[in-house]
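Asker: Give me a 3D structure for the following:
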Amino acid sequence: MKPDTPLVSGTDTTLDPPAAPGDRMNRSAVLWVTLAVFAQEAVWNFYDAQVPEQLRHYFTSAGVIGLIMGLDHSWGIFTQPSVGFLSDKLVRRRSGRWPIVLVGGAVATVPFVLIPWATSLPALIVCVVGFAAIANAFKGVTETLVSDYVAPANRSKAQGFIKAGVSLTIVVSSLISLLVVDRSLHLAFAIPPLLMLIMLGLSWAFLGRRHTEAVLPEEPSAGEREFGSPWSVLKDALRSPSSPTLLLMIGIFCFAGMWSALRSLMTPYGTQVLGLTRGEAGGLSLPGAVAFLVCVLPISLASNRLGQLRAMRYGVGLFAVGLLVGFVIPSVPGTIASMVVSSLGYASFAVNALVALWNLAPTQKVLGTYTALYTIASASGMALGPAILGTAIDLTSWRYMLLNAAVFAAVTFLVFTLLARRVHDDARPAARA
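Answerer: Here you go, the predicted model:
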């Protein structure tokens, strides 16, 4: 097997790529890809922190707010397979996937900046839906860029650097909430998209313009399949109910749903339960983001030893423990401690989930489409998670939000346990062969 050949379910179902002697990670490429992902996530984090409070001007139900925040993420389910497949076709050309990223970022800026200027519910919904539809279309393509410049054996490590960059966007979002929102909401909504345009431009200037030189050569392997459409890739990936790919997608769905729900509803939780102002509540995630930043690289290195699946299971368990801490201690310090512990659990999941899915791809030529599978799973979770948690809050109260989320996290842990058993059962016949 060549070092860059993915491991396919049915032959060897381990989720870790083989280490290739002499492989070195392209650190410069990882830096600029990290900057590109930082650019888009800076906008999304601020969006998730402040748009729910904007919706509270028109709705009092946490379930309705959660549903709206979730539905905007569902656009990725419909757009990502086609856009990801298109990016796979473009990757060997001179400009690679970059035109999709650059055009998408520029167009998505317009409705985002207009959100605080919307003075009626229809205008607000148009801005929210418009931004979500455009931003979701190119989000997965940006995340796939790392696979163009980094060999499979180093992708978990590269994801550690990228997720560290993502954690910085949470810091930036929290600082904008703390320092700008209570003074000028219009200025606060203008800062993240401006950062996005600058960062994407720099990433393209230093990496995208040299795409033909930096991209890893793709060597065809014996018996490699060709796919004529994104739907044929999806059909192959989800060919049976017990497919490891499908089980992994279910786990991604569950975890992404709860993480999105917490991000979407944490600001109202801070105002309703902890008695904070809107700006102060928007900054509750800052300590967790710092903890994520400090620990994500060690976690990515430890994941290579533990194995990606085991690391993700541990992450889910730690995530649930953090939520229980916040429920038992309903204060600002308790909530901060909860977010710190939960963020560490999420870091273990975030570093490994996309790479694990890439390693199940039948060929390196469809990694953009497999990123779309990740987006389908995560976007579905993001679409339903806030509504599910919001409905649970309506049935109980804001005081029980973290406990409700911990229950859902326990369900996620069961899904990963089932996946671990499936992978172990499939690995035994492969080992005997």
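Asker: What is the neighbour count of the closest residue to residue 42 other than its chain neighbours?
Answerer: In space, and not counting its chain neighbours, residue 42 is closest to residue 169: 4.2 Å by Cβ to Cβ, 6 or more residues apart in numbering. C-beta: built from backbone N, CA, C; applies to glycine. Neighbour count of residue 169, defined by other Cβ atoms under 10 Å: 24.
Asker: show me what contacts residue 169?
Answerer: The neighbourhood of residue 169, defined by Cβ atoms under 8 Å, 6 or more residues apart in numbering, consists of 38, 41, 42, 44, 45.
Asker: Make CSV out of those and add distance to residue 193, neighbour count and secondary structure.
Answerer: Supplementary listing: the contacts of residue 169 in CSV, determined by distance: Cβ to Cβ, whole Å; neighbours: other Cβ atoms under 10 Å; DSSP: H, G, I helix; E, B strand; the rest coil:
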residue, distance to residue 193, neighbour count, secondary structure
38, 13, 23, helix
41, 12, 25, helix
42, 9, 26, helix
44, 11, 23, helix
45, 12, 25, helix
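Asker: mind putting those in JSON lines, distance to residue 144 and pLDDT included?
Answerer: Listed next are those as JSON lines, based on distance: Cβ to Cβ, whole Å; pLDDT from 0 to 100:
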{"residue": "38", "distance to residue 144": "16", "pLDDT": "85"}
{"residue": "41", "distance to residue 144": "15", "pLDDT": "84"}
{"residue": "42", "distance to residue 144": "19", "pLDDT": "84"}
{"residue": "44", "distance to residue 144": "17", "pLDDT": "85"}
{"residue": "45", "distance to residue 144": "20", "pLDDT": "81"}
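Asker: ok, back up a step: gap between the residue nearest to residue 42 and residue 383?
Answerer: According to Cβ to Cβ, to the nearest Å, residue 169 stands 21 Å off from residue 383.
Asker: what about the residue nearest to residue 42, distance to residue 175?
Answerer: 11 Å.
Asker: what's the answer for residue 181, then?
Answerer: From residue 181 to residue 175 the distance is 10 Å (Cβ to Cβ).
Asker: Who has more neighbours out of those two?
Answerer: Higher neighbour count among residue 181 and residue 175: residue 181, with 25 against 15, using other Cβ under 10 Å.
Asker: ok, back up a step: the residue nearest to residue 42: which element?
Answerer: When elements are assigned from DSSP states H and E, residue 169 belongs to helix 155-176.
Asker: What mean pLDDT does that helix get?
Answerer: Across helix 155-176, pLDDT averages out at 75.
Asker: By neighbour count, which bits of it are buried? Give me those.
Answerer: Within helix 155-176, the residues scored as buried using 16 or more other Cβ atoms under 10 Å are 155-174, 176.
Asker: Repeat that for stretch 122-129.
Answerer: 124, 125, 127, 128.
Asker: Helix 155-176 and the helix or strand containing the third one, what's the angle between them?
Answerer: Going back to what we said before, that points to residue 127. Per DSSP H and E, residue 127 falls inside helix 121-149. With axes from the mean of the first three to the mean of the last three Cα atoms, to 10 degrees defining the directions, helix 121-149 sits at 150 degrees from helix 155-176.
Asker: Please spell out which residues along helix 121-149 are buried.
Answerer: 124-125, 127-128, 130-149.
Asker: give me the low-pLDDT residue ranges for the stretch 201-350 of the chain?
Answerer: Applying pLDDT under 70 to the stretch 201-350 of the chain picks out residues 208-242.
Asker: again, only this time at 50
Answerer: Residue ranges of the stretch 201-350 of the chain with pLDDT under 50: 217.
Asker: what ranges do the strands span in it?
Answerer: Counting by DSSP state E, counting those that start in this stretch, the stretch 201-350 of the chain has no strands to list.
Asker: just the helices in it please.
Answerer: 211-214, 230-237, 244-272, 278-282, 286-306, 308-328, 332-358 (DSSP state H, counting those that start in this stretch).
Asker: Check the offset of stretch 320-330 from the chain's centre.
Answerer: 23 Å (Cα atoms, centre = their mean, to the nearest Å).
Asker: Repeat that for stretch 275-295.
Answerer: On the basis of Cα atoms, centre = their mean, stretch 275-295 sits 18 Å off its chain's mean C-alpha point.
Asker: can you pull the buried residues of it?
Answerer: Buried residues in stretch 275-295 (16+ other Cβ under 10 Å): 276, 278-293, 295.
Asker: Put the alpha carbons of that stretch into PDB.
Answerer: The C-alpha coordinates for stretch 275-295 follow below in PDB (Å, rounded to 0.1, in the frame of the first residue of the first chain):
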ATOM      1  CA  GLY A 275     -27.600  37.800  35.300                       C
ATOM      2  CA  LEU A 276     -24.900  39.100  32.900                       C
ATOM      3  CA  THR A 277     -25.200  41.800  30.200                       C
ATOM      4  CA  ARG A 278     -25.400  40.700  26.600                       C
ATOM      5  CA  GLY A 279     -21.700  41.600  26.000                       C
ATOM      6  CA  GLU A 280     -20.600  39.900  29.200                       C
ATOM      7  CA  ALA A 281     -22.500  36.800  28.400                       C
ATOM      8  CA  GLY A 282     -21.000  36.700  24.900                       C
ATOM      9  CA  GLY A 283     -17.600  36.500  26.500                       C
ATOM     10  CA  LEU A 284     -18.300  33.400  28.500                       C
ATOM     11  CA  SER A 285     -16.600  31.200  25.900                       C
ATOM     12  CA  LEU A 286     -13.300  33.100  26.100                       C
ATOM     13  CA  PRO A 287     -11.700  31.000  28.800                       C
ATOM     14  CA  GLY A 288     -12.700  27.800  27.000                       C
ATOM     15  CA  ALA A 289     -11.200  29.100  23.800                       C
ATOM     16  CA  VAL A 290      -7.900  29.800  25.600                       C
ATOM     17  CA  ALA A 291      -7.900  26.300  27.100                       C
ATOM     18  CA  PHE A 292      -8.600  24.900  23.600                       C
ATOM     19  CA  LEU A 293      -5.700  26.900  22.200                       C
ATOM     20  CA  VAL A 294      -3.200  25.800  24.800                       C
ATOM     21  CA  CYS A 295      -4.100  22.100  24.600                       C
END
